[in-house]
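Visitor: Sequence and predicted structure are below.
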Amino acid sequence: MTHLLDVLRCPVCSEPLSAQEDSTELPFWRNRVWACSNNHSFDVARQGYLNLLLVQQKKSLTPGDTALSVAARRAFLSAGHYQVLRDAFAEAVAALKPLRALDIGCGEGYYTQVLSPICASVAGIDIAKPAVFTAASSIKNVVWLVGSAIALPLEDASVNLVSSLFSPIPMDEINRVLASNGHLVLAIPAEDHLWSFREALFGEVKAHEPMAKLQTLDEQFELVQQQRISQDLTLDSTALIQLMDMTPYAWKAQPAKREALAQQTALNTKASFVLSVYRKR
Ligand SMILES: [Zn+2]
């Protein structure tokens, strides 16, 4: 029982899900139907992801990131602007050597992919189908799931590590799926994350409040390690447009401010993150 595919559960009735044929080797799990003992069945898409999102879990027809924001984020991240965070994430996980890992809000898998060489088995879950589609099309050896983070389709105490980078933190669900002594790795924006970028968009900027957000975890998780990571960025027009397209709050800016930012040839800003490792209490 080391593989993530052995611990999937039905999003309808919570009974274990299994493939019609034994297919724990990832290349063979494609084009298969997964079902529970109550005959709720789910298809693996041709690109290699399993859609476990129920209609009633969708708040809109196409929940989560749009294809536009997925493509923008993929291009922005591929340029290496947040590489420093990915490296620190990989290092933190490598020190823990988890057997099974789940990445919540995996998006197109930029951070998820570093888990594969470290862990025996890895799953990434996201509510946005375009994001998981992109992830599954290009990154193999990961169990890609379209599903809801507030009702994770995994059995109790089934994973050794959960990560959430710039993504939802459903504490009770994380606690439920983590095995004893399991770890939670989180990355959230630090106070001054993208300060001058946000200033150019909105004029006035409020500092992020990472510590207030993290404080709510204390009851269920014990802090093991915490570090601040930052990276100076010089962003050209292409990168600025990508950053606006991948950031939902950018759409709240006045069109004139967005337009002016898109014309800039070089904006200096700083990405800064708080990366934390917690242990389940
Ligand atoms: Zn079922």
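Guide: Looks like it came in fine.
Visitor: how deep is the residue of the stretch 151-281 of the chain found nearest the ion tucked in, by neighbour count?
Guide: For the stretch 151-281 of the chain and the ion, the shortest gap (CB to the ion) falls at residue 153, measuring 10.2 Å. (Each C-beta comes from the backbone N, C-alpha and C, glycine too.) Applying the criterion other CB atoms under 10 Å, we find 25 residues in the vicinity of residue 153.
Visitor: Residue 52 is in contact with that one, correct?
Guide: Yes. With contact taken as CB atoms under 8 Å, residue 153 and residue 52 are classed as touching, separated by 4.5 Å.
Visitor: Now do the shared contacts for these two.
Guide: 8, 11, 145, 147 (CB atoms under 8 Å, 6 or more residues apart in numbering).
Visitor: show me what contacts the residue lying closest to residue 10 once chain neighbours are set aside?
Guide: Excluding its sequence neighbours, the residue lying closest to residue 10 (CB to CB, 6 or more residues apart in numbering) is residue 36, at 3.7 Å. With contact set as CB under 8 Å, 6+ apart, residue 36 has these partners: 9, 10, 12, 13, 15, 16, 17, 18.
Visitor: What about residue 224, how many residues nearby?
Guide: Taking other CB under 10 Å as the definition, residue 224 ends up with a neighbour count of 15.
Visitor: Same question for the one 5 residues further on.
Guide: Residue 229 sits with 17 neighbouring residues when counted by other CB under 10 Å.
Visitor: same thing with residue 95?
Guide: By other CB under 10 Å, the burial measure for residue 95, its neighbour count, is 12.
Visitor: ok, now which ones touch it?
Guide: No contacts exist for residue 95 under CB under 8 Å, 6+ apart.
Visitor: again, but for the one 3 residues further on
Guide: Counting by CB under 8 Å, 6+ apart, residue 98 touches 118, 119, 159, 160, 161, 182, 183.
Visitor: And the pLDDT for it?
Guide: In this model, residue 98 is scored at 96, pLDDT.
Visitor: and what of residue 263?
Guide: Predicted confidence (pLDDT) for residue 263: 93.
Visitor: In this structure it contacts residue 237, no?
Guide: Yes. With contact defined as CB under 8 Å, residue 263 counts as touching residue 237 (6.6 Å).
Visitor: Looking at those two, which is more packed in?
Guide: Counting neighbours by other CB under 10 Å for residue 263 and for residue 237 shows that residue 237 has the greater number, 14 against 9.
Visitor: my read: that one touches residue 267, true?
Guide: No. Shown here, residue 237 and residue 267 do not form a contact pair, counting by CB under 8 Å, at 9.1 Å.
Visitor: Keep only the contacts of residue 36 that also lie close to the ion.
Guide: Restricting these to those near the ion by CB under 5 Å from the ion leaves 10, 12, 13, 15.
Visitor: Pick out the most distant pair among those residues.
Guide: 12 and 15 (8.6 Å; CB to CB).
Visitor: overlap in contacts of the two?
Guide: Contact criterion CB under 8 Å, 6+ apart; residues bridging residue 12 and residue 15 by contacting each: 36, 38.
Visitor: Grab the nearest non-local neighbour of residue 198.
Guide: Sequence neighbours aside, residue 205 is the residue nearest to residue 198 in space, at 4.6 Å (criterion: CB to CB, 6+ apart).
Visitor: Which pLDDT value does the model give that neighbour?
Guide: Model confidence at residue 205 (pLDDT) stands at 93.
Visitor: quick one: contacts for it?
Guide: Applying CB under 8 Å, 6+ apart, the residues near residue 205 are 195, 198, 199.
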